[in-house]
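Student: my questions are about this predicted structure, shown below with the sequence.
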Amino acid sequence: MRIPILISRAAAAALLTLPLAAAAEEDNPYAPLPPAEGVETVASHCAACHSARTFVHMRQGRDWWDDTIDRMKRDHGMWDIDTETREEVLDYLEANLGPETD
Amino acid sequence: MTGKRMERGLCELYDEDPERADALVFGRRSGTSRRGFLQGAGLASMGAVLGASIPFNENMPAGLIPSALADDLEDFEIEGKHPGLTVLNDRPVNAETPPHLLDDDVTPNDIHFIRNNGAMPQPMAKEEWSLTIDGEVEEELELSWDQLMNDFEHVTLKLQLECGGNGRAGFNPSPSGNQWTVGAIGNSEWTGVRLKDILERAGLRPSATYTGHYGYDPHLSGDADREAISRGGPIDKMMDPHTIVAFAMNGEDIPIANGYPVRLIAPGWAGSVSQKWLTRIWVRDREHDGPGMTGLSYRVPRYPVAPGTEVPHEDMMVMSSMIVKSIISHPEAGTEVEAGRPVEVRGQAWAGDDHVTAMEVSLDFGVTWQQAELSDPPNRYSWQRWRAEVTPPMQGYYEIWARATDGNGRQQPMVVPGWNPRGYLNNVCHRIDVMAV
């Protein structure tokens, strides 16, 4: 049986997923939030008390994120945000952490 | 960061449609049976990426992401903790232990996982610390450190402590919360006073049914009027002689990250019952309703639900005991072994309030299983050591799977069990990859 040359696990994973990779993030000060319109607003309202690591893995629809803002206000002392800011946050979450986001 | 993003891409592709992912990434197509098989280019490319052929490839389920590619996570460091811990979050601090670091019978202080809900508190001096016992008691108590040292019998026990969300990363769709893999578990030697003795000193009223626990860690928002978390448990669990008010971990002061100077240990239940930085136990006449007790938190549906279901809050119930589980602590995933030679495999197994009665391992993707040697626990609620030897018959890629059975015959499943809204109680078999050369 032919045994291929051993390559490192990290190298293998990188090789494998290269076509799936998002844009390089070296220049993203809001990492792990994906860089996109509204990221600064989301970082300042949703990653002030807790890290964005708390939620960047989620893939949920706009209503779920809307409910989550309500829950943060009700249970965790989140401040009031005006409607315009809330819409900007939801736009970002829907576009970048929505169910169809890859 | 880039590597992490890339890897998420692969995992998510598998999450969305595993069989399509197989075809897309490896050119692997499933056969007519549930077991997929690797053919032609698919077999070659998966083998090339793994660096080996896969001798048991005909057994490998379709859409199963090879374990070798599924477990890389980014590492950070936390003061006083082993650099090998995987930090899942920095605010609040949450870090799990990679399974190969859980090979000790007794988990060292720097290895034990961390699960915080609030900010890491500034350590409170022992002289300033006190524990209030109030509510449904005949006499309210306020115990000082000296009273804890001198007025009660001390016990030392090896006790398993597991986060209720351990394994959450396996659920799809992804529930909110820390994405624990398998390492939110520890089994240190704790010294303390039985909570039972303290509650008996205070004298329980007949109305006493539940406890509510409080600690001095601040809420993340900095709001002094909010509790970071306040959970509790039924009086029966609190009167169990293994539920202790602990003041030492492995013979030393408890590290700040694990609850200095005093914490509760209610072994076998979700770790959040074991309040860190403990200052008050409120004995209640009803189920406690502090933060972490209500809504979806630390609750599971009363009936099985389809993945992604929005479950009404009134259909959720508080989790009680954790369930049967095991890890492979040796060898480390990705280890190279010699084909045709026996490989020692060992690990730990536990079962919440129950204990483990059998342990098995498989080297062929779960088609055949062999019995492992299983040690008795040194005391009730300790995890149990197990060991086995497996021999890869020829060169190639293998996975070692392990499964435990508890005293009621309940076994770990080979696929992720019942999805629930917050992702608790995933006790799927632990699996690691080894390469035989």
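Tutor: Happy to help now that I have it. Numbers count the residues shown, from 1 in each chain, chains lettered A, B, ... in the order given.
Student: what parts of the stretch 151-300 of chain B come near chain A?
Tutor: Residues of the stretch 151-300 of chain B lying close to chain A (CB under 8 Å from any CB of the partner chain) are B:173-174, B:176, B:178-179, B:219-223, B:226, B:291, B:295. (C-beta placed from N, C-alpha, C; glycine too.)
Student: rerun at 10 Å
Tutor: Residues of the stretch 151-300 of chain B lying near chain A by CB under 10 Å from any CB of the partner chain: B:168-169, B:172-179, B:219-223, B:225-226, B:228, B:291-292, B:294-297.
Student: and the stretch 301-437 of chain B, by the same measure?
Tutor: Contact residues, the stretch 301-437 of chain B versus chain A (CB under 10 Å from any CB): B:308, B:310, B:333-334, B:336, B:339, B:394-396, B:433, B:435-437.
Student: in helices, which of these appear?
Tutor: Among those, DSSP state H puts none in helices.
Student: which one of these is nearest to A:Ala48?
Tutor: Nearest to A:Ala48 among those, counting by CB to CB, is B:Glu310 at 27.8 Å.
Student: ok, now which ones touch the closest residue to that closest one other than its chain neighbours?
Tutor: Excluding the flanking residues, the one nearest B:Glu310 by CB to CB, 6 or more residues apart in numbering or on different chains is B:Pro421, at 7.5 Å. With contacts defined as CB atoms under 10 Å, 6 or more residues apart in numbering or on different chains, B:Pro421 is in contact with B:171, B:173, B:175-177, B:295-297, B:299-301, B:305, B:308-311, B:313, B:316.
Student: ok, B:Gln179 next?
Tutor: Taking CB under 10 Å, 6+ apart as the test, what B:Gln179 contacts is A:53, A:56-58, B:73, B:88-89, B:94, B:96, B:165, B:167-171, B:423.
Student: for it, give its distance to B:Pro307.
Tutor: 16 Å (CB to CB, to the nearest Å).
Student: likewise B:Glu227?
Tutor: 31 Å.
Student: show the model's pLDDT score for residue 72.
Tutor: If you meant another chain, say so; for now it's chain A. Predicted confidence (pLDDT) for A:Met72: 94.
Student: sorry, should have said chain B
Tutor: For B:Asp72, the model assigns a pLDDT of 32.
Student: ok, now the one 5 residues further on?
Tutor: What the model reports for B:Glu77 is a pLDDT of 62.
Student: if we can go back for a sec, between B:Glu227 and B:Pro307, which has more neighbouring residues?
Tutor: The neighbour comparison of B:Glu227 against B:Pro307 (other CB atoms under 10 Å in any protein chain shown) goes to B:Glu227, with 19 against 12.
Student: quick one on the thing from earlier: give me the buried subset of the residues of the stretch 301-437 of chain B next to chain A.
Tutor: B:Ala333, B:Gly334, B:Ala339, B:Gln395, B:Gly396, B:Asp433, B:Met435, B:Ala436 (16 or more other CB atoms under 10 Å in any protein chain shown).
Student: one step back: if any of the residues of the stretch 151-300 of chain B next to chain A are buried, put those into a ChimeraX selection.
Tutor: Buried residues among those (16+ other CB under 10 Å), as a ChimeraX selection:
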select /B:168,169,172,174,175,176,177,178,179,219,220,221,226,228,291,292,294,296,297
